[in-house]
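>>> Sequence and computational prediction follow.
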Amino acid sequence: MSRPAPAVTVLGVNYPPEPTGISPYTGAMARGLSRRGYRTHVVTTHPHYPEWRVSAGYGQWSRREHLDGVDALRVRHYVPSKPSGIRRLLSEISFGLRLLFAPLGGRDAAVLVSPALFSSALAALRLRLFLKKTPLVVWVQDLYWLGLRETGQDGGLSSKVIKVTEKWLLSTADRVVVIHDRFAARVADDYGIPPERIHVVRNWTHLSPTAPVDRSVARAARGWGDEVVVLHAGNMGIKQGLGNVVDAARLAEAQGAPIRFVLMGGGGERDRLKALAEGVSTVQFLDPLPDAEFSAALAAADILLVNEYPGVSEMAVPSKLTSYFSSGRPVIAATDKNGITADEIRAAGAGVVVPAASPQSLLDASLELGRDHERAEQLGQSGKRYRETVLDETFAIESFATLLQTLIDGDRARPPRSAVSTS
């Protein structure tokens, strides 16, 4: 008699149809595992990100769906309208409490997606107490404590609690999956996780291939003319430090520079940024767009922007970069020149790095690159090649599936140091 297909449960706060952030990666991974023969079960929340508002039609205490071969259980949790401080903590804990009692569809292996840290920790506690033989993988997209340190919010009791919780979560996992080699180094150095238990799986673009975009039509549809259009797409939160972009737009207006800064997306800082930018003619806000329109907007811009809060260096690899590279447009990164984001831009040969929190540097670099069409095209095509060769979805999911199969087959002993994946 043949052995039944392995059953894997994925637990994470974000899942499609949420269009941005971690959701597309969790969704693609779950679908990919299902297509490779795994019986895949997801426990998640109702779609609410980045608007921090439960989408229309959702919000039941629990709801079952079957999406692209994946069985998904959605549970209601607390969604704060202003996700900061204690409210965000309560949001995570409320999901974690639901995970303590939610039915787990697959017990051959479990994957916890972090963030959210505290909900993942509660789920890990349940698994370790009652399902000790189930291999546990923690898939790290952001490092909480490092994020607090880099945004100047560490030092208090809450920071210590977060570090202890994060270290326990990573330590209790059979494997820790991270999205960059420098993340692997941080997890090993800052949390004491043995390198042989760390597995690197790079993120990929979640956008489907689209037909070539008529840039002039796409620009006209958004009211863009001959000015240099610098587009920031994605979440507007603290770590993005987007006040720098508003300041650059204000300088552009004062200097009469032919440029437009566009902030597209949602997030906890959006309302504050809109108030800060009131009356500034060189900045524009756009709501999140469906995938096809999102791709068209990226292709229509002259430059795509990553902006990070001063000091942010190691806490995350911006997920937007994979989509940016796919567009064939050049990238400007206003960030720490020694950080992960800057490294990624240089590795891809896809753009220019300027200092964080230097609006004049951002403005000057944008104008210079916007006028140099030949260089912009070269950088954009280099990013596209990097996405097609290094950031490949099929390779990433195969790597993840191989890791899970190794654990399910019973090889939970630590592999030799040389076997650590750098896919």
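Structure's in. What do you need? Being a predicted model, the structure only gives us computed values, none of them experimental. Numbers count the residues shown, from 1 in each chain.

>>> shaky segments in the stretch 301-423 of the chain?
The stretch 301-423 of the chain contains residues with pLDDT under 70 at 314-316, 411-423.

>>> rerun that using 90 as the cut-off
Within the stretch 301-423 of the chain, the stretches with pLDDT under 90 are 311-320, 322, 340, 388-392, 410-423.

>>> Which parts of it are helices?
For the stretch 301-423 of the chain, the helices defined by DSSP state H, counting those that start in this stretch cover 320-327, 340-348, 359-371, 373-389, 393-408.

>>> From the contact counts, what lies against the last one?
Applying 3 or more CB pairs under 8 Å, 6 or more residues apart in numbering; DSSP states H and E, one finds that helix 393-408 contacts helix 23-35, strand 109-114, strand 136-140, strand 175-178. Quick note: C-beta positions are derived from backbone N, CA and C, even for glycine.

>>> for that helix, which positions count as buried?
393, 396-397, 399-401, 403-408 (16 or more other CB atoms under 10 Å).

>>> Stretch 18-31 too?
18-31.

>>> Could you export that stretch as CSV, keeping only the C-alpha atoms?
Only the C-alpha atoms of stretch 18-31 are listed here, as CSV (Å, rounded to 0.1, in the frame of the first residue of the first chain):
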residue,chain,number,x,y,z
GLU,A,18,-4.3,40.3,0.3
PRO,A,19,-2.2,41.8,-2.6
THR,A,20,1.0,42.9,-0.9
GLY,A,21,3.5,42.2,1.9
ILE,A,22,4.0,38.6,3.0
SER,A,23,0.6,37.3,1.7
PRO,A,24,1.7,36.6,-1.9
TYR,A,25,4.7,34.6,-0.8
THR,A,26,2.7,32.5,1.7
GLY,A,27,0.0,31.9,-0.9
ALA,A,28,2.4,30.9,-3.6
MET,A,29,4.3,28.6,-1.3
ALA,A,30,1.1,26.9,-0.2
ARG,A,31,-0.1,26.5,-3.8
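
>>> could you measure residue 253 against residue 280, distance?
6 Å (CB to CB, to the nearest Å).

>>> Any idea which of the helices and strands packed on helix 393-408 gets closest to residue 306?
helix 23-35 (17.4 Å; CB to CB).

>>> got the angle between that closest one and strand 136-140?
On the basis of axes from the mean of the first three to the mean of the last three CA atoms, to 10 degrees, helix 23-35 is oriented at 150 degrees to strand 136-140.

>>> Mind giving me the packing neighbours of the next helix or strand after helix 23-35?
Scanning forward in sequence from helix 23-35 by DSSP states H and E, the next helix or strand is strand 39-45. On a contact count with 3+ CB pairs under 8 Å, 6+ apart, strand 39-45 meets strand 7-11, helix 23-35, strand 70-75.

>>> Residue 320 is nearest to which of those?
helix 23-35 (11.0 Å).

>>> can you pull the pLDDT of the closest residue to residue 115 other than its chain neighbours?
Leaving out its chain neighbours, the residue that sits closest to residue 115 by CB to CB, 6 or more residues apart in numbering is residue 142, at 5.4 Å. The model reports residue 142 with a pLDDT of 84.

>>> how about residue 142, phi and psi?
Main-chain dihedrals, residue 142, degrees, to the nearest 10: phi -140, psi 150.
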